[in-house]
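Chemist: Build me a model:
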Amino acid sequence: MGRGDKPRGNDHEFRAAVWVDTSPGQLNQAANLGRMTVRNGDVVDVAELVCRHCQGSYQKVFDKPCAAKIDNSHLIGGKPNGERAKRLHQHDCLAAGCDTAVVVAAKQQTARAR
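Modeler: I've put the predicted structure just below:
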């Protein structure tokens, strides 16, 4: 596959997660901008290839259509758009101190009562 080629006619847009030796300036740039500049000709180690839309790894989804382009229900737990799957906690969130909306509201209500 050449530069800029899309794989086999499907709609994946693969991105590479890479390992790069960085200077303090590059670290600062990456932390602030979410990107950094590397010198032309630098060779980097590719850690993983992932589709930026469906988050599928290259090996698993290369020859399949992009699930996110068809339907994004894989990202929201199979629910209709706008209705995300609820995170299930196997403990008492209030006792454990989880910062879920219910716990935050309970903490705020307790603080107001004082």
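Chemist: immediately after whichever strand or helix holds Ala95, which helix or strand?
Modeler: Using DSSP states H and E, Ala95 maps to helix 93-96. Past helix 93-96, further along toward the C-terminus, the next helix or strand under DSSP H and E is helix 101-113.
Chemist: who does that following helix touch, helix- and strand-wise?
Modeler: Judged by 3 or more C-beta pairs under 8 Å, 6 or more residues apart in numbering; DSSP states H and E, helix 101-113 is in contact with helix 93-96. C-beta coordinates here come from the backbone N, C-alpha and C atoms, glycine included.
Chemist: Quick one: mean pLDDT for the helix it packs on?
Modeler: Regarding helix 93-96, the rounded mean pLDDT is 68.
Chemist: Stretch 32-39 now?
Modeler: 85.
Chemist: Can you point out the buried residues in it?
Modeler: Neighbour-count burial for stretch 32-39 flags Met36 (criterion: 16 or more other C-beta atoms under 10 Å).
Chemist: List of residues touching that stretch?
Modeler: With C-beta atoms under 8 Å, 6 or more residues apart in numbering as the test, stretch 32-39 has contacts from Val20, Thr22, Gln26, Leu27, Gln29, Ala30, Val44.
Chemist: what's the burial count for the fourth one?
Modeler: When you say that, I think you mean Leu27. Leu27 is flanked by 11 other residues according to other C-beta atoms under 10 Å.
Chemist: Kindly report the same for the second one.
Modeler: By the other C-beta under 10 Å criterion, the neighbourhood of Thr22 contains 13 residues.
Chemist: same check, this time on the third one
Modeler: Neighbouring residues of Gln26 were enumerated by other C-beta under 10 Å; the total is 14.
Chemist: Quick one: residues contacting His53.
Modeler: Contacts of His53 (C-beta under 8 Å, 6+ apart): Asp11, His12, Glu13, Cys66, Ala68, Lys69.
Chemist: now Leu49
Modeler: Phe14, Arg15, Ala16, Ala17, Ser57, Tyr58.
Chemist: what about it, which SS state?
Modeler: strand (DSSP: H, G, I helix; E, B strand; the rest coil).
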